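Trainee: model this:
(one chain, ligands or ions: 2)
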Amino acid sequence: MIVGIDGPSGTGKSSTSKAVAAKLGLRYLDTGAQYRAITWWMLHNGIDLTDPAAIAAAAGRPEIVSGTDPAAPAITVDGQDVSAPIRGQEVTSAVSAVSAVPEVRARITALQREIARQAQGGIVVEGRDIGTTVLPDADAKIFLTASEEARAARRSGEQGGRDAQSLAATRQALARRDAADSGRKTSPLAKAGDAIEVDTTELTLEQVIECVVTLIEEKRSR
Ligand SMILES: Nc1ncnc2c1ncn2[C@@H]1O[C@H](COP(=O)(O)OP(=O)(O)O)[C@@H](O)[C@H]1O
Ligand SMILES: Nc1ccn([C@@H]2O[C@H](COP(=O)(O)OP(=O)(O)O)[C@@H](O)[C@H]2O)c(=O)n1
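Mentor: Ligands and ions are numbered 1, 2, ... in the order given. Predicted coordinates for the structure are as follows:
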């Protein structure tokens with residue numbers, strides 16, 4: 001059972017995917033973490049992120065290893081655990097520029113397909129282009145959405161900033177990243193034609209998890 005869960009930032013992809021994988025005994029892959037990890041490596045190796053040719057030339061250098069346990073997602077770059085630094089502001093602001101470079105996408109996509117191939121009992125893979133590009137033959141494809149307002153409130157809450165100013169800044173940064181991810185030429189953020197869309201704006205996380213589990217079980221029983 002291969003499940004692809006795509007959608008913009010803050011729709012609940014990571015929380016839902018981890019919970020669904022744990023419930024159904026599947027492996028779990030956070031593809032956003034891989035793009036964040038390669039971005040972290042570029043920042044720390046002085047690669048000029050305004051120069052796509054420099055990013056492309058360096059794309060093959062870092063070794064990225066992703067764990068697939070939904071209870072303990074792990075990611076290393078050249079053997080170093082980067083799970084904390086990849087969530088920082090510096091990486092978040094730079095990741096869309098790095099992930100838009102075709103050489104980066106080719107490298108990371110190959111890695112993702114290999115991880116999915118090796119997941120004997122099945123896997124939940126979350127990202128932006130899983131249903132359209134990485135695993136177009138996935139058994140179940142889900143596309144999560146939510147209003148920009150709800151997504152910004154969720155992200156802002158995570159960062160501890162619930163005041164109007166930090167909410168507005170978070171919303172702006174989120175909208176900018178979504179526009180870049182949806183507008184790039186190579187495998188942009190998009191819903192696959194055969195993906196089932198779930199609007200999570202008015203749903204609790206528990207309701208989203210239940211909904212996705214039901215959708216997968218329906219596919220499984222066919
Ligand atoms: N349906 C929901 N209702 C309220 N909060 C949610 C919901 N889904 C996720 N969240 C919260 O929103 C934040 C972002 O969720 P996350 O799973 O990281 O989204 P994504 O991976 O799509 O960016 C997390 O703090 C999460 O707990
Ligand atoms: N399959 C994917 C997953 C992420 N990404 C890129 O990686 C970035 C970070 O993804 P993420 O899932 O960690 O982002 P959040 O929604 O968690 O903030 C995205 O903004 C995209 O630029 C991508 O291009 N393709």
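
Trainee: Please identify the buried residues of the longest helix along the chain?
Mentor: When secondary structure is assigned using DSSP state H, the longest helix within the chain turns out to be helix 164-183. Neighbour counts over helix 164-183 (16 or more other CB atoms under 10 Å) mark 167, 170, 171, 173, 174, 177, 178, 180, 181 as buried. Bear in mind the C-beta positions are built from the backbone N, C-alpha and C, glycine included.

Trainee: now for the helix or strand just after that helix, which elements pack on it?
Mentor: Reading on from helix 164-183 to the C-terminus, the next helix or strand found by DSSP states H and E is strand 196-199. When contacts are defined as 3 or more CB pairs under 8 Å, 6 or more residues apart in numbering; DSSP states H and E, strand 196-199 sits against strand 140-145, helix 205-220.

Trainee: about what we covered before: hmm, the longest helix of the chain in reach of ligand 1?
Mentor: No. Helix 164-183 stays clear of ligand 1 (CB under 6 Å from any ligand atom), getting no nearer than 9.2 Å.

Trainee: List the buried residues in stretch 71-80.
Mentor: Those would be 73, 75, 76, 77, for stretch 71-80 by 16+ other CB under 10 Å.

Trainee: mean confidence for that stretch?
Mentor: Across stretch 71-80, the average pLDDT comes to 97.

Trainee: Output that stretch as CSV, nothing but the C-alphas.
Mentor: The C-alpha coordinates for stretch 71-80 follow below in CSV (Å, rounded to 0.1, in the frame of the first residue of the first chain):
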residue,chain,number,x,y,z
ALA,A,71,7.1,7.3,15.7
ALA,A,72,10.6,8.7,15.3
PRO,A,73,11.2,10.4,12.0
ALA,A,74,14.9,11.0,11.5
ILE,A,75,17.1,12.7,8.9
THR,A,76,20.8,13.0,8.6
VAL,A,77,23.1,14.9,6.2
ASP,A,78,26.6,13.4,5.8
GLY,A,79,25.9,11.5,9.0
GLN,A,80,24.8,14.6,11.0
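
Trainee: on that earlier part again, among the buried residues of helix 164-183, name the ones that also lie close to ligand 2.
Mentor: Answer for the buried residues of helix 164-183 near ligand 2 (CB under 6 Å from any ligand atom): 177, 181.

Trainee: Switch the buried residues of helix 164-183 over to CSV; also include pLDDT.
Mentor: As requested, these are exported to CSV (pLDDT from 0 to 100):
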residue, pLDDT
167, 89
170, 91
171, 94
173, 93
174, 94
177, 95
178, 95
180, 96
181, 96
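
Trainee: Sort out which one of the buried residues of helix 164-183 lies nearest ligand 1 for me.
Mentor: Checking the buried residues of helix 164-183 against ligand 1 with CB to the nearest ligand atom, the nearest one is residue 174 at 9.2 Å.

Trainee: picking up where we left off before, hmm, who's touching the longest helix of the chain?
Mentor: Outside helix 164-183, the residues within contact range by CB atoms under 8 Å, 6 or more residues apart in numbering are 8-10, 92-93, 95-97, 99-100, 128, 148-149, 151-153, 155-156, 159, 161, 188-190.

Trainee: Around residue 24, count how many other residues there are.
Mentor: 18 (other CB atoms under 10 Å).
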